[in-house]
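Participant: I'd like to go over a predicted model; first the sequence, then the structure.
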Amino acid sequence: MAMPAHPVNTRRKGPAVGPMSSSTPSWTDDLPVCHLSAIGFSTNQVYRADGGREEEHEFEDRCFHFKCDDIYLYGVFDGHSGVHVADFVRQRLPVELLLGQLTDVEDDFSVKKILQQAFLTVEAAFFETIDAALAEKMKLKLQLPEGLSDYELYQNYPKEVEKLQSLDSEIIGGTSAILALIHKGKLYIASVGDSRAVLCTREPDNKLKVRQLSIDHTIDNEDEQLRLSQLNLDVAGIQQATGLYGRGLAGHPTTRSIGDYSFKGGYRDIEVLSYAASEPVIAEPEVIGGLPITGLSGFLLVFTNGLIKSIEETTDTSQLNMDIAYRVAAEFQFQSTLSGVAQQVVDKVVRNHHDTYLSGMERAQYCQKRDDITLLLRNFDYPLWSSVSPLGSSVSPLPGYNPVTVPYSPHRTETSLSLFIPSPTPPTLTHSISQTPIITGIPSVTPSSVPITQPIFVDVSNPNIPNSPSSSHTSTIESQPSSGTSTPQKYDPTHTNSTGTQGSTNSDTQSSPFLFQRLSEPRDTNSQAEPDEEGYIEPYVDFTDFMRAYEAAANEIHYSQEA
């Protein structure tokens, strides 16, 4: 992970940090990784007024991306109140899916049932691991007198209270979980919680279609509201009480998750949930699929709620899925690896979030801190910069120089962006929302120069993001063609640009001495320089004046040392 620009106070409980790290060894550590996928991530941070940042808690996201025989399995787990549940799920879900359960299964109904059962089995296995802690907690509570406040209990029974707190840390906690499975040429998505899966496919007209394949299981989801109301819960009252307990269901961020015993077996201890006919928070996933992927060109994005909230807090966008797809498509044009694409998207979101806080502008109040972020990218034959021939591509950056990515503007629904490189000097790209991008720092550059890329257009036909994938939602991004021809721009040293800084003919410029003078005979820029017998080519810069000045300076130093 890229080092942060400001000092970070890293208060971590383990030596390793990352979505694929684990506190204990696991058999999944030896599973083959899918090299058609990559991970980008960033730890949570709380901002300080002096520009510094520190972590509020340990990194709680986990993920995996495996390829076993003909099965591809991807998982992203957004843990909360500790990382132990996300760690457990990351290690146990592959056991329920990669040990032959899918070998002879081909129909969609059977695959979906296996995915649903995997989620429920893993949660049941986790609850078995905390049975001893639950029994000990109950025994301790029975030993303590009733009617005492928490302060009085701690004053009179400090050891027992500390033991109860230790047991609670083992019992509480849970995770959102989202799986993407590719089996028999079809894609399946199973999820609980508020992490998302978004499929971006390049259509025959070269536009990128963006589709959300998962469902956000939150109190704002109408289907979840209906389910809770059928449990005799007052949904309107719960939403009002959310302001007292925090966001979500009585302080719980989602209406579905794995773990979170306090909101399942112990839900009757929570006043606002105590009237429910059964457990209000469940682990049963909603499964989408199977979607044929044979011949697909595009990419799949699976990401945690931390990425969603960071962009929403910074931009207040109502088109978040298209926003993220736009960012990823832009990075495909300039990164040479999938890891570079995923990490650059995350890094820029993180930087924008922190910059918004430091700006002191209106949205700074929403950017006091941010959560952990994980972005999993799976490519389906979408062209990377490195996979396209420099001569036949629409992207041909200079050797050894990686240009900046296309600037992002959250206020536009249609954008035309072009990057121009007319000479071998790395340019500086600036962008204004209402103007054509401009290159500064390069002589004789005009907007009519030949673009290094084709323009990227964003077309939004329906700005509303659905709660269910069954809702009609179409958004397109016109992507780069896989091939094209870039015409090199000739450099004219005698050209005078609009500012008069290049090729000036005033007397002051003519009388000024230069160490480097071009040869009196102009070089033919259309001809290729032919090497001589010794392999040298004719120079086009005269170094005579430079060498004289260098020798004079060297002699002057020599004489001063002798004196």
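Facilitator: Sure thing, it's come through.

Participant: pLDDT below threshold where in the stretch 101-250 of the chain?
Facilitator: Applying pLDDT under 70 to the stretch 101-250 of the chain picks out residues 241-248.

Participant: the helices in it, which residues?
Facilitator: 108-129, 131-143, 150-156, 158-171, 222-229, 235-245 (DSSP state H, counting those that start in this stretch).

Participant: Which one of those lies nearest to residue 188?
Facilitator: Closest to residue 188 of these is helix 108-129 (CB to CB; 5.9 Å). For glycine as for every other residue, the C-beta is placed from the backbone atoms N, C-alpha and C.

Participant: Quick check: buried residues in that closest one?
Facilitator: Neighbour-count burial for helix 108-129, with 16 or more other CB atoms under 10 Å as criterion, is recorded at 108, 111, 112, 114, 115, 116, 118, 119, 122, 123, 126, 127.

Participant: Please produce JSON lines containing those residues, extended by distance to residue 321.
Facilitator: Converted to JSON lines, the buried residues of helix 108-129 look like this (distance: CB to CB, whole Å):
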{"residue": "108", "distance to residue 321": "24"}
{"residue": "111", "distance to residue 321": "25"}
{"residue": "112", "distance to residue 321": "23"}
{"residue": "114", "distance to residue 321": "28"}
{"residue": "115", "distance to residue 321": "23"}
{"residue": "116", "distance to residue 321": "25"}
{"residue": "118", "distance to residue 321": "26"}
{"residue": "119", "distance to residue 321": "24"}
{"residue": "122", "distance to residue 321": "28"}
{"residue": "123", "distance to residue 321": "28"}
{"residue": "126", "distance to residue 321": "31"}
{"residue": "127", "distance to residue 321": "34"}
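
Participant: hang on, the earlier thing: residue 284: which of the helices of the stretch 101-250 of the chain is closest?
Facilitator: Per CB to CB, nearest to residue 284 of those: helix 108-129, 6.5 Å.

Participant: Report the angle between the closest one and helix 158-171.
Facilitator: 170 degrees (axes from the mean of the first three to the mean of the last three CA atoms, to 10 degrees).

Participant: Output the contacting helices and strands for helix 108-129.
Facilitator: helix 84-92, strand 174-183, strand 186-192, strand 258-259, strand 286-292 (3 or more CB pairs under 8 Å, 6 or more residues apart in numbering; DSSP states H and E).

Participant: looking at these, which is closest to residue 301?
Facilitator: The nearest among the helices and strands packed on helix 108-129, by CB to CB, is strand 174-183 at 9.9 Å.

Participant: strands paired with the closest one, and their directions?
Facilitator: strand 71-80 (antiparallel), strand 186-192 (antiparallel), strand 258-259 (antiparallel) (DSSP bridges).

Participant: what about dumping the CA coordinates of the first one to PDB?
Facilitator: Going back to what we said before, that points to strand 71-80. The C-alpha coordinates for strand 71-80 follow below in PDB (Å, rounded to 0.1, in the frame of the first residue of the first chain):
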ATOM      1  CA  ILE A  71     -14.000 -22.300 -10.400                       C
ATOM      2  CA  TYR A  72     -13.300 -18.700  -9.600                       C
ATOM      3  CA  LEU A  73     -14.300 -17.400  -6.100                       C
ATOM      4  CA  TYR A  74     -14.000 -13.900  -4.800                       C
ATOM      5  CA  GLY A  75     -15.100 -12.600  -1.400                       C
ATOM      6  CA  VAL A  76     -15.100  -9.200   0.400                       C
ATOM      7  CA  PHE A  77     -15.900  -8.900   4.100                       C
ATOM      8  CA  ASP A  78     -16.500  -5.600   5.800                       C
ATOM      9  CA  GLY A  79     -16.000  -6.400   9.500                       C
ATOM     10  CA  HIS A  80     -17.300  -4.200  12.400                       C
END
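
Participant: what about that strand, average pLDDT?
Facilitator: Average pLDDT, strand 71-80: 96.

Participant: Use 19 as the first number from now on
Facilitator: Yes, from this point I'll number from 19; that puts the last item at strand 89-98.

Participant: between it and helix 102-110, how big is the angle?
Facilitator: Inter-element angle recorded for strand 89-98 and helix 102-110: 170 degrees (by the same axes, to 10 degrees).
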